[in-house]
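Colleague: Quick one, fold the following:
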Amino acid sequence: MELSLLLMQQIIKLFIMIFMGYLIVKVGILRSEDSRVLSAMVLYLIVPCVIINAFQVEYSPEKASGLFLAFVASLILMFVTLPAVNLVGRLLKLNEVERTSVYYSNAGNLIIPLVTFILGEEWVLYACVYMSLQIIFFWTHCKKELSREKGIDLKKIFTNINIIVVVIAVILFFMRIRLPKLLTETFSSVSGMVGPVSMFIIGMLMAGADLKKIFKNKRAYLVTGLRLIAVPIFSLLILKLSRLVGIHTEGRQILLIVFLAVTTPAASTVTQMSQLYGNDSEYASAIGVLTTLASVITMPLMVLLFQSVI
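Modeller: Okay, here's the model as predicted:
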């Protein structure tokens, strides 16, 4: 129960940040369109710093085996959940923004501060495994969906700064290479911006949208239910059947971190990519707000469910 209450407090803080972004547009300091600049900064500058910073820890066999467990669990969930979401999307006739909002969680912005606050900084490394894998999916599957491109340009994928940074970060960890303190401290400072700036973007987009029209959209509530209830329960069932918890001495905590990443609201990256590639960013931001608000209740409940099942 204590863990659930801590989660609730952290999510409320994020919702307050969304309101701050909303307010700065409403009082006329910035325009809603200015959030496009912030979106580019998050995707191409702040997130890479988060990845590099997280993997700059001391190597140990125990950490390496824990990373392997987090990697296997994350990969299984992503590959099993994707066709399930696509099937539900076809049955319910969900559009690109709705499908990607159901599938992609806001792990990149939420999981690191949540894990740091609840379990401690030493556990953040495992949190970044799911986040790093999701980044690869963002720049392949998600980009293809939201930009409505017919194919995947492999050259653009492998030259994308986020993919390159993931590879570099993993190599540095396993080769036990530590960057100069000045660099790591800088990356750490920039990394701390990811949550607030992403929430500001959602709030700024909401300020320029027709809120009555958006929140009367019943499909947004359907997407919220799928993202926060259906996907986490389906993922928990997969984790239970996989029996991965027994392959590491701290398997339960590592799987909890992976599961926490799945239970977070709709990814703010969906909003940012919708904005960059000309899709419905206002609708994406509305789903972001709805899922963030509802997650105050659903995330603690899902953690309680995990503790009783795993």
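Colleague: contacts for stretch 196-204?
Modeller: For stretch 196-204, contacts defined as CB atoms under 8 Å, 6 or more residues apart in numbering pick out 14-15, 17-25, 30, 32, 34-35, 38-39, 41-42, 46, 106, 108-109, 268, 271-272, 285, 288-289, 292. Bear in mind the C-beta positions are built from the backbone N, C-alpha and C, glycine included.
Colleague: Also stretch 75-82?
Modeller: Taking CB under 8 Å, 6+ apart as the rule, stretch 75-82 contacts 103, 133-134, 137, 141, 231, 234-235, 238-239, 242, 258, 262.
Colleague: out of those, which are buried?
Modeller: 103, 133-134, 137, 141, 231, 234-235, 238-239, 258, 262 (16 or more other CB atoms under 10 Å).
Colleague: OK, contacts around V47?
Modeller: Under the criterion of CB under 8 Å, 6+ apart, the contact list for V47 reads 108, 135, 162, 194.
Colleague: Just among the residues you listed, which is most surrounded?
Modeller: Using other CB atoms under 10 Å as the neighbour criterion, G108 leads the contacts of V47 with 30 neighbours.
Colleague: Help me confirm that that one comes into contact with V194.
Modeller: Yes - counting by CB atoms under 8 Å, G108 touches V194, with 6.7 Å between them.
Colleague: Now do the shared contacts for the two.
Modeller: Common contact partners of G108 and V194 (CB under 8 Å, 6+ apart): 47, 50.
Colleague: What are the buried residues along whichever helix in the chain runs longest?
Modeller: The helix that spans the most residues within the chain, counting by DSSP state H, is helix 61-92. Buried residues in helix 61-92, counted by 16+ other CB under 10 Å: 65-67, 69-71, 73-74, 76-78, 81, 84-85, 88-89.
Colleague: quick check, nearest of those residues to T184?
Modeller: L67 (18.9 Å; CB to CB).
Colleague: Setting aside sequence neighbours, what's the nearest residue to the closest one?
Modeller: V129 (6.0 Å; CB to CB, 6 or more residues apart in numbering).
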